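*Asks:* sequence below, structure please.
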Amino acid sequence: TTVTKAGPLAATIEDVALTHLLLGQVDPKAHYTQMIGEEYFPPPVLSSLFDSSGKYVIREMPLEGTRIGVFWDHFRHTDDEIYEESLKALKYLEKLGAQIVDISIPHLREIHLSHGITILSEFGIGWEREFYQKVLESNTQITVALGKTIKSIEVFAAAKVRRYAKNLICDKIFVDMNIDAIASPMLGEAVPKPGKGYRHFGETDNEKIYRAMRYAPLANFLGLPGLSVPIGYEQKTGLPIGFQLLGNAWTEDKLIDMGIHLEQRLERKSPPPKNYYDVLAKFVV
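*Replies:* Here you go, the predicted structure:
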């Protein structure tokens, strides 16, 4: 599908950087490489972060010159606890030299709606056979059925909104305003509890999904790199609170740089389990 993206899910930013180096390799035999040309796919770059021995480069003001955009109305649209922790993280980045720049992202509702239309329509096509064979759980059958009701003109309209959003974010904000990353909370509310009976029947709650994914569409829908870093813990559940950084295409190194500093700020509450085995240890100098 057009919204399926590959990316590392790791315990530390260092692991994210290493996995990114592997995922970001250019495959000359891949379809898009042959269609567009290998020269348009730059290899992953982390040389600005690490020296030749693999050690992180220590700088007095490590984020000096970095410009972080914030759409404040959107940034505040979450639970109070998440907002306060996200604001602390933002001020910490500012303390390290980053400049916080006010930005505006108009028509977010239409962008989010187009994102949902795209997912549902592709879901409906991708799982059509399994849907008719009744091998899907109930909530997935509902999602596929919804996707099959979407008309071609709605899919076309969503594609036009996607192009508008891509031009707005990439050209107007990242390039014209010289923004290195857009910051926001990761979730639109505290981690929700699943509904009763979800283990047996699944759960269909589009309103809950929308609230939780309020900050996800820009990265997923537009295919841009995004990094989520834990910055605190919920008081009621002890679950981590995430902070999201969205970058322009091919700027993963900038996001990783900011993520490293945010990670160092947080004191981890959960040590690795006793049977933990570091599969990457032998590859790290």
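
*Asks:* can you pull out the low-pLDDT segments for the chain?
*Replies:* By pLDDT under 70, the weakly predicted segments of the chain are 47-52, 54, 56, 267-273, 280, 283-285.

*Asks:* what about the helices in it?
*Replies:* Listed in chain order, the helices of the chain (DSSP state H) span residues 13-23, 31-36, 72-75, 80-95, 108-126, 128-132, 138-147, 152-166, 198-201, 206-212, 217-222, 252-265.

*Asks:* just checking, residue 21 touches residue 14?
*Replies:* No: under the criterion of CB atoms under 8 Å, residue 21 is not in contact with residue 14, lying 11.2 Å apart. (C-beta placed from N, C-alpha, C; glycine too.)

*Asks:* which one of these two is surrounded by more residues?
*Replies:* Taking other CB atoms under 10 Å, residue 21 and residue 14 do not tie; residue 14 has more neighbours (18 against 15).

*Asks:* what is the burial count for the closest residue to residue 219 other than its chain neighbours?
*Replies:* Of all residues not flanking residue 219 in the chain, residue 226 sits nearest, at 3.4 Å (CB to CB, 6 or more residues apart in numbering). Neighbour count of residue 226, defined by other CB under 10 Å: 22.

*Asks:* give me the beta-bridge partners of the closest residue to residue 258 other than its chain neighbours?
*Replies:* Distance criterion CB to CB, 6+ apart; nearest residue to residue 258, sequence neighbours excluded, is residue 245 at 5.7 Å. In this structure, residue 245 bridges to residue 183, residue 227 when assessed by DSSP bridges.

*Asks:* how near is residue 245 to residue 228?
*Replies:* 8 Å (CB to CB, to the nearest Å).

*Asks:* between the two, which is the more surrounded one?
*Replies:* Shown here are residue 245 and residue 228; by other CB under 10 Å, residue 245 has more neighbours (27 against 21).

*Asks:* report the contact partners of that one.
*Replies:* If you count contacts by CB atoms under 8 Å, 6 or more residues apart in numbering, residue 245 has them with 68, 181-183, 226-227, 229, 255, 258-259.

*Asks:* now with 6 Å, please.
*Replies:* 181, 183, 227, 255, 258 (CB atoms under 6 Å, 6 or more residues apart in numbering).
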